[in-house]
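Undergrad: take this sequence and fold it.
(chains A and B)
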Number of protein chains: 2
Amino acid sequence: MNSTIELLLSHRSIRKFEDKPVSDEVIKTLVQCGQAAATSSNVQGVTVIQVTQDDTREAMAKLAGGQPYVASAGAFLVYCADLRRPMNACESQGGEFSAGMMEHFLIASVDVALAAQNTVVAAESLGLGICYIGGLRNNPAEVTQLLKLPQQVYPVFGLCLGYPDQSPEVKPRLPVEAVLMKDNYDESTQDALRDQYDAQLREYYKTRTGGNKDSSWSEEMRALVGKESRPHMKPFLADQGFATK
Amino acid sequence: MNSTIELLLSHRSIRKFEDKPVSDEVIKTLVQCGQAAATSSNVQGVTVIQVTQDDTREAMAKLAGGQPYVASAGAFLVYCADLRRPMNACESQGGEFSAGMMEHFLIASVDVALAAQNTVVAAESLGLGICYIGGLRNNPAEVTQLLKLPQQVYPVFGLCLGYPDQSPEVKPRLPVEAVLMKDNYDESTQDALRDQYDAQLREYYKTRTGGNKDSSWSEEMRALVGKESRPHMKPFLADQGFATK
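TA: Numbering: from 1, shown residues only, chains lettered A, B, ... in the order given. Sure, this is the predicted structure:
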């Protein structure tokens, strides 16, 4: 155990921030930390767009399903998977870009997540709080239009950053025994571990909400994967030039 | 600047390791650090399989395109996107799993990357070196078979971990001005910044290889995105139950 590991283990999303901007210098350092993460074949398939206009941030807060901290956090970044830069580089060498490959889509999306997580760790090491905003994928075409994203670029998620004005508890995760396996995928203990986690998470919600939220992980998962989630994503991605073959 | 940010900025992949295993206790802590990362709607779509059998590690080294450190690193983990656990949870509540959603595929793949990057940062904070192995996607069906991955689980990448036996330079990245934009996607300065980076990377390769490698980023990108990359990924993913709608 060391201070970095303690920092990682103490992560929780922050959704209430002080009314205090994050300086351009800090943002630049955080994005550079993101760039320092591994990237598949050095493709660096990431563009970060900082949204600074109040009206655009208000619009994004609504597009994300009504998340006011998108507008009120010290800074708001949109993480975009970007194959346009490598495409242009390829074409500058007389190559012909192979559009729509699932593999390239995956490479760029994973690059975005690796970079963003480094930025998050750096931000938290400076005392900032963060919240990922997957809700931007509720309305990805509108977000794409607002940010004037060209073909071969798409918004993967947003990231709120700011000085925390709350201190929520760390949310319990699945037992590590459920997610770490040796040599083979093994389902033999999954049901028992899930029952254990269901009970733990129910208790966490009850305590945190003074009894108002009474739910287990399995109930949450029924709501999440028991329905068609964002069925517009596949056609949207295809329109932007991604994941068609 | 602080020690965490210095750590992040000093990342480089390690491909040569001391002949020394990474203890089970350390692996467990590193995976727990991964679990502490943000996860979309708490889905925790990640399973980590530690490959401990020598013959399986040798096989994976070959399947990854001939990367001997897959077999020789102190530990080798395969990061799997896992929708099977939430599927089972959903079904335990009487729900019906909505298979094949592109959105769920993206959620699980991003979850994997966020968790892995936390594990990487934790590992490096302990003095370990790492190397991501995207090469597992050269032969994902064979990897899936070796690890007995069921439907709704797929291997996103591998991760070598171990005590470094080399100390390569940090590889230069694109200028931060190229990847950080304000309010809109802006291509006006991209060509000039790419030229600058092409020259810088060429110099880095020349110095590092004693003049043997003479290549720019644009040339690398022509080789990478100027051809169909892993065209088997889309049908493979569909076979495993991912990203069909």
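
Undergrad: going forward, measure contacts between C-alpha atoms and count neighbours the same way
TA: Noted.

Undergrad: biggest strand in chain A by residues?
TA: Assignment by DSSP state E gives strand A:153-162 as the longest strand of chain A.

Undergrad: buried residues in the following helix or strand past that strand?
TA: Scanning forward in sequence from strand A:153-162 by DSSP states H and E, the next helix or strand is helix A:176-179. For helix A:176-179, the neighbour count (16 or more other Cα atoms under 10 Å in any protein chain shown) marks A:176, A:178-179 as buried.

Undergrad: next SSE after helix A:176-179?
TA: strand A:180-182.

Undergrad: and that next one, what does it pack onto?
TA: strand B:46-50 (3 or more Cα pairs under 8 Å, 6 or more residues apart in numbering or on different chains; DSSP states H and E).

Undergrad: let's see that with 10 Å instead.
TA: If you count contacts as 3 or more Cα pairs under 10 Å, 6 or more residues apart in numbering or on different chains; DSSP states H and E, strand A:180-182 packs onto helix B:24-35, strand B:46-50, strand B:75-82.

Undergrad: tell me how chain A divides into domains.
TA: A:3-169+A:230-240, A:176-214 (automatic domain parsing).

Undergrad: turn those domains into JSON lines, including mean pLDDT.
TA: As requested, the domains of chain A are exported to JSON lines (pLDDT from 0 to 100):
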{"stretch": "domain A:3-169+A:230-240", "mean pLDDT": "98"}
{"stretch": "domain A:176-214", "mean pLDDT": "96"}
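
Undergrad: most packed of those?
TA: domain A:3-169+A:230-240 (a mean of 21; mean count of other Cα atoms under 10 Å in any protein chain shown).

Undergrad: run the chain-centre distance for that one.
TA: The chain centroid and the centroid of domain A:3-169+A:230-240 are separated by 7 Å, computed with Cα atoms, centre = their mean, to the nearest Å.

Undergrad: quick check: phi and psi on A:Asp165?
TA: The phi/psi pair for A:Asp165 (degrees, to the nearest 10) reads phi -120, psi 30.

Undergrad: quick one: contacts for it?
TA: By Cα atoms under 10 Å, 6 or more residues apart in numbering or on different chains, A:Asp165 lies in contact with A:14-19, A:129.

Undergrad: go with 6 Å
TA: A:16-18 (Cα atoms under 6 Å, 6 or more residues apart in numbering or on different chains).

Undergrad: ditto for A:Val156
TA: Per Cα under 6 Å, 6+ apart, neighbours of A:Val156: A:79-80.

Undergrad: cutoff 7 Å now
TA: Counting by Cα atoms under 7 Å, 6 or more residues apart in numbering or on different chains, A:Val156 makes contact with A:79-81.

Undergrad: and the residue lying closest to A:Asp165 once chain neighbours are set aside, what does it touch?
TA: Spatial nearest neighbour of A:Asp165, excluding adjacent residues (Cα to Cα, 6 or more residues apart in numbering or on different chains): A:Phe17 at 4.6 Å. Contacts of A:Phe17 were listed using Cα under 7 Å, 6+ apart, and they are A:73, A:162-165.

Undergrad: make it 10 Å
TA: Shown in contact with A:Phe17 (Cα under 10 Å, 6+ apart): A:69, A:72-74, A:128-130, A:160-166.

Undergrad: on that earlier part again, can I get the contacts of A:Val156 in CSV including distance to chain B?
TA: Shown next, in CSV, are these (distance: Cα to the nearest Cα, whole Å):
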residue, distance to chain B
A:Tyr79, 10
A:Cys80, 10
A:Ala81, 11
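
Undergrad: kindly reformat those as TSV containing distance to B:Ala115.
TA: As requested, the contacts of A:Val156 are arranged in TSV below (distance: Cα to Cα, whole Å):
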residue	distance to B:Ala115
A:Tyr79	17
A:Cys80	19
A:Ala81	18
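
Undergrad: which one of the buried residues of helix A:176-179 is nearest chain B?
TA: Chain B lies nearest to A:Val179 out of the buried residues of helix A:176-179, by Cα to the nearest Cα, at 4.6 Å.

Undergrad: that closest one touches B:Leu77, doesn't it?
TA: No. Counting by Cα atoms under 10 Å, A:Val179 stays clear of B:Leu77, with 11.9 Å between them.

Undergrad: shared neighbours of these two, which are they?
TA: B:31, B:47-49.

Undergrad: show me where chain A has helices.
TA: A:3-9, A:24-35, A:54-63, A:69-72, A:84-92, A:102-125, A:140-146, A:176-179, A:190-208, A:217-225, A:233-240 (DSSP state H).

Undergrad: return the distance of the residue sitting furthest away from the middle of chain A relative to chain B.
TA: The centre of chain A is farthest from one residue, A:Gly94, which by Cα atoms, centre = their mean lies 34.8 Å away. Here the distance between A:Gly94 and chain B works out to 8 Å (Cα to the nearest Cα, to the nearest Å).

Undergrad: separation between A:Ala113 and B:Met60?
TA: In this view, A:Ala113 and B:Met60 are 25 Å apart by Cα to Cα, to the nearest Å.

Undergrad: before we move on, what about A:Thr244?
TA: 28 Å.

Undergrad: A:Asn139 too?
TA: Distance, A:Asn139 to B:Met60, by Cα to Cα: 40 Å.

Undergrad: again with A:Pro68
TA: 47 Å.

Undergrad: kindly report the same for A:Ala37.
TA: Noted for A:Ala37: a distance of 24 Å to B:Met60, by Cα to Cα.

Undergrad: next one: A:Asp19
TA: 51 Å.

Undergrad: just A:Ser215 next, same as before
TA: Note on A:Ser215: its distance to B:Met60, by Cα to Cα, is 41 Å.

Undergrad: also A:Met101?
TA: For A:Met101, the distance to B:Met60 - Cα to Cα - is 24 Å.

Undergrad: which one of the domains of chain A lies closest to B:Tyr154?
TA: Using Cα to Cα as the measure, domain A:176-214 is the one of these that comes nearest B:Tyr154, at 10.8 Å.

Undergrad: start and end of the closest one, how far apart?
TA: Start and end residues of domain A:176-214 are separated by 24 Å (Cα to Cα).

Undergrad: stretch A:37-46 too?
TA: 11 Å.
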